[in-house]
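Asks: coords please:
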Amino acid sequence: MPIRTSEVVWEGNLEDGKGIGKLGSGVYSDPFKEEEMSMRCTMMISLDGASHTAGAIDMALVWAKRLNALIAAVGVMDDTIRGPDALPMGQGEFSMERDAKLLFDAHQRVKEALQRIDVRCREAGVECRVAEVTGVPHEQIVLEAQRYDLVLLGQPTDSDFELGEPFHKTVGSVLKSSPRPAVVVPGNYREGSGILIAYDGSLQAARALQALIASGLHALGEIRVLSIDDKSSDLAAERAGRAVEYLGFHDVTATAQPMVSKTPVEHVIRDEAENWGAELVVMGAYGRATLTEFLLGSVTSKVLKESRTPLFLFH
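Replies: Residues are numbered from 1 along each chain as shown. As a prediction, the model looks like this:
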């Protein structure tokens, strides 16, 4: 009797590992042969039509070609956008018309952004799917993230703040609740080389390391594990060594880079990434977290604000 599992109908006994699978077009394969199974990275990019997403789009296309990844472009139409509340008495109708226009304009920006990325993906030969959702941005991003391996977010400039949900709140809320790691990408993305893991030995850093492996992004290139201590090189080396050993168990080669420095950690991370020309910085909630820092950690919040290198973040 056929056993249905999601999109595949297996004929046979799943327990003894025998049988064939009918997959849509009539293609048959044995799901228990490891050599026939393949993993593919799926990247969701959140678009709202603002200019700060340009770097995230550029990076997504580069990574998709290198990793044979799928890009899922999700346009988020923020229905919390409203004009100023303080209006003279009797202008309620004007307020409604104004807000309706703001929402219409937001929808148009999202629609055009989705059309542009669809064209670019087809030109680059990258598989892409597009969708538009409406609601509070961070809530919609978190929901849609359940479908994919990774969430890409653009890092805004001051001129990109709109009347809807502030971007810094979106990032903090996404990282707090997202089931997947996020990569925050500067608007002026430049293709780099290698991954710098900022590792402080915390629970959040360990989770970020595991999430990196699960995402498949470790295949992007050389990996260095940076661990900073203000006093002891031995402690820094011990922390970095644990991360390097974990990666080694997953057949990923990495180099430990322990460092003693009294310079603010966020500056060290930023400078090391830029001097090396890193393509990606990986962090957990580095440093002590507070509510005003959106549970990212004090160091992570500062690096997020200043970094010119894409940041892989997982809480």
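
Asks: which helix or which strand is home to V282?
Replies: For V282, the host element (DSSP states H and E) is strand 280-283.

Asks: elements contacting that strand?
Replies: Here strand 280-283 touches strand 195-198, helix 203-215, helix 265-276, helix 298-306, strand 311-313, going by 3 or more C-beta pairs under 8 Å, 6 or more residues apart in numbering; DSSP states H and E. Any C-beta I mention is one placed from the backbone N, CA and C, and that applies to glycine too.

Asks: just put the ones you listed in CSV and tack on distance to P186.
Replies: Putting those into CSV (distance: least, C-beta to C-beta, whole Å) gives the following:
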stretch, distance to P186
strand 195-198, 15
helix 203-215, 19
helix 265-276, 11
helix 298-306, 10
strand 311-313, 9
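
Asks: least confident of those, on average?
Replies: Across those, helix 298-306 has the smallest mean pLDDT, namely a mean of 72.

Asks: mind listing what's buried in stretch 52-72?
Replies: By neighbour count on 16 or more other C-beta atoms under 10 Å, the buried set for stretch 52-72 is 52-64, 67, 69-72.

Asks: same question, stretch 203-215
Replies: Neighbour-count burial for stretch 203-215 [16+ other C-beta under 10 Å]: 204-206, 208-209, 211-215.

Asks: picking that back up, got a list of contacts for the strand holding V282?
Replies: 183, 192, 194-198, 205, 208-209, 212, 217, 220, 269, 273, 299-300, 303, 307, 309-313 (C-beta atoms under 8 Å, 6 or more residues apart in numbering).

Asks: and the gap between the closest residue to K231 other than its chain neighbours and V244?
Replies: Distances taken as C-beta to C-beta, 6 or more residues apart in numbering put V260 closest to K231, at 6.8 Å, once the chain neighbours are dropped. Note on V260: its distance to V244, by C-beta to C-beta, to the nearest Å, is 18 Å.

Asks: could you do I269 as well?
Replies: 18 Å.

Asks: this completes my enquiry, with thanks.
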